[in-house]
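In: below are the sequence and a predicted model; questions follow.
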Amino acid sequence: MADIEGKSTAILYEAFQSEASDIHFLPTSKGYLVHYRALGEIHAGQTLKAEDGFRIVSYFKYACGMDIGERRKPQSKAISYDWQGNGYTLRFSTLPAKPSESLAIRISPRTTPYTLQSLSLFASDTRKFTELAHCQNGLVLFTGATGSGKTTSVYALLDYVQQSSTKMIVTIEDPIERPIDGMVQIETNEKAGITFATALKAVLRHDPDVIVIGEIRDRNTAELALQAATTGHLVIASLHAASASLAFARLAELGVNVRVECVRAVIHQKLAKVVSKNKRVAFFEWLLKDSLLKGADSNDKSGEIEALRAVRKAWAIGAIDRHSYNLLTDKGMTEVGSGYC
């Protein structure tokens with residue numbers, strides 16, 4: 001057991017040292033492949049023998065509180081972890097793959113060097129975020145695929161709100177990735193009946209100024225979020241959508257008709273690595289209230305055009321390379337990995 005614990009810890013330490021955002025244990029017919037994701041790119045690690053891989057996966061399941069004997073259903077858990085004075089949230093996820101169970105570990109630093117000023121290459125994005133931070137009410141939606149950096153942007157916005165005001169902030173997360181003093185943070189727990197919707201209903205009675213919803217997944221949560229946004233609360237939420245304008249189509253799929261006057265902004269983001277720097281920045285597609293009130297809809301491309309101009313400018317000044325440019329434009333406009341760092 002001590003040997004397996006040592007090997008498991010060594011894998012974690014290698015991930016921390018390489019500033020990886022994810023560790024993947026991929027089952028094969030001969031054992032497990034260990035892969036790390038850093039700056040959006042997958043890097044091959046060591047190969048584990050079948051017995052060692054099985055025992056290491058079981059150890060991680062035990063360490064995070066999963067049911068070790070359950071291999072037929074997906075499981076997920078999160079724990080806090082400290083290494084060399086730095087705190088991390090580790091999110092464990094298993095899948096009942098063949099020939100053996102697969103495990104992924106998402107690594108999220110509990111503190112981040114990212115501020116509103118450092119999220120983007122361009123001051124215009126920072127200005128828009130600071131204006132949103134001073135809003136008293138309305139809905140702010142962050143959209144993008146898993147791993148596009150939405151959570152990092154939300155935390156940077158919350159940090160600014162905390163520093164520039166005395167607002168009461170309540171978050172509902174799955175899980176809590178960054179414990180922050182001065183905020184009320186709620187972690188969902190479906191077994192205990194704490195879903196985004198039930199927690200949000202309770203939060204509305206807790207006198208909040210700012211409400212953060214980790215993800216809008218169903219009609220009930222969406223309707224409560226819109227209700228809160230129209231009754232004197234600033235609501236910040238994430239939503240999976242392919243673009244800013246398609247956020248309304250996504251909400252319609254959930255059975256919700258949105259009153260555009262209560263929406264402050266819809267922000268879609270993608271990440272790209274900065275040339276010669278060990279970091280990534282976001283490129284934002286903005287759909288702001290003024291555009292919405294003028295009748296912007298799913299056919300409105302102004303936000304996408306503005307985002308494309310930003311990508312071309314970044315390429316022109318040498319901030320991103322050709323590979324990133326191709327990924328961010330219509331030659332390959334896809335997300336690249338998870339997290340900002």
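Out: Perfect, I can see it now. Numbers count the residues shown, from 1 in each chain.
In: Thr221 against Leu200, yeah?
Out: Yes: between Thr221 and Leu200 there is a contact under Cβ atoms under 8 Å: 6.2 Å. Placement of C-beta: from N, CA and C, glycine included.
In: intersection of neighbour lists for the two?
Out: Contact criterion Cβ atoms under 8 Å, 6 or more residues apart in numbering; residues shared by Thr221 and Leu200: Ile213.
In: Tyr59 and Ile320, how far apart?
Out: 40 Å (Cβ to Cβ, to the nearest Å).
In: looking at these two, which is more packed in?
Out: Ile320 (24 against 17; other Cβ atoms under 10 Å).
In: torsion angles phi and psi at the more buried one?
Out: Main-chain torsions, Ile320, degrees, to the nearest 10: phi -130, psi 160.
In: and it, how far from Ala307?
Out: 13 Å.
In: before we move on, what about Asn137?
Out: Taken as Cβ to Cβ, the span from Asn137 to Ala307 is 26 Å.
In: Ser18 now?
Out: Ser18 is 30 Å from Ala307, by Cβ to Cβ.
In: which of the two has more residues huddled nearby?
Out: Applying other Cβ under 10 Å to Ser18 and Ala307 shows that Ala307 carries more neighbours, namely 23 against 14.
In: my guess is the more buried one is in a helix, correct?
Out: Yes: according to DSSP: H, G, I helix; E, B strand; the rest coil, Ala307 belongs to a helix.
In: isn't Ser291 right up against Ser302?
Out: Yes: with contact defined as Cβ under 8 Å, Ser291 counts as touching Ser302 (6.5 Å).
In: let me see the ranges of the helices in the chain.
Out: For the chain, applying DSSP state H gives helices covering 2-17, 50-64, 116-119, 123-133, 150-164, 196-203, 219-229, 247-253, 289-293, 302-316, 322-328.
In: tell me which of the ones you listed sits nearest to Arg259.
Out: helix 219-229 (7.1 Å; Cβ to Cβ).
In: got a list of what the closest residue to Thr188 other than its chain neighbours touches?
Out: Leaving aside its sequence neighbours, Thr188 sits nearest to Asp174 (Cβ to Cβ, 6 or more residues apart in numbering; 4.4 Å). Listed by Cβ under 8 Å, 6+ apart, the contact set of Asp174 reads 187-188, 196, 214-215.
In: at 7 Å instead, please
Out: 187-188, 214-215 (Cβ atoms under 7 Å, 6 or more residues apart in numbering).
In: kindly report the same for Thr195.
Out: Residues in contact with Thr195 (Cβ under 7 Å, 6+ apart) are Thr188.
In: from His134, how far off is it?
Out: With Cβ to Cβ as the criterion, Thr195 and His134 are 31 Å apart.
In: and if you look at Ile176?
Out: Ile176 is 25 Å from His134, by Cβ to Cβ.
In: and for Leu33?
Out: From Leu33 to His134 the distance is 48 Å (Cβ to Cβ).
In: nice, that's everything, thank you.
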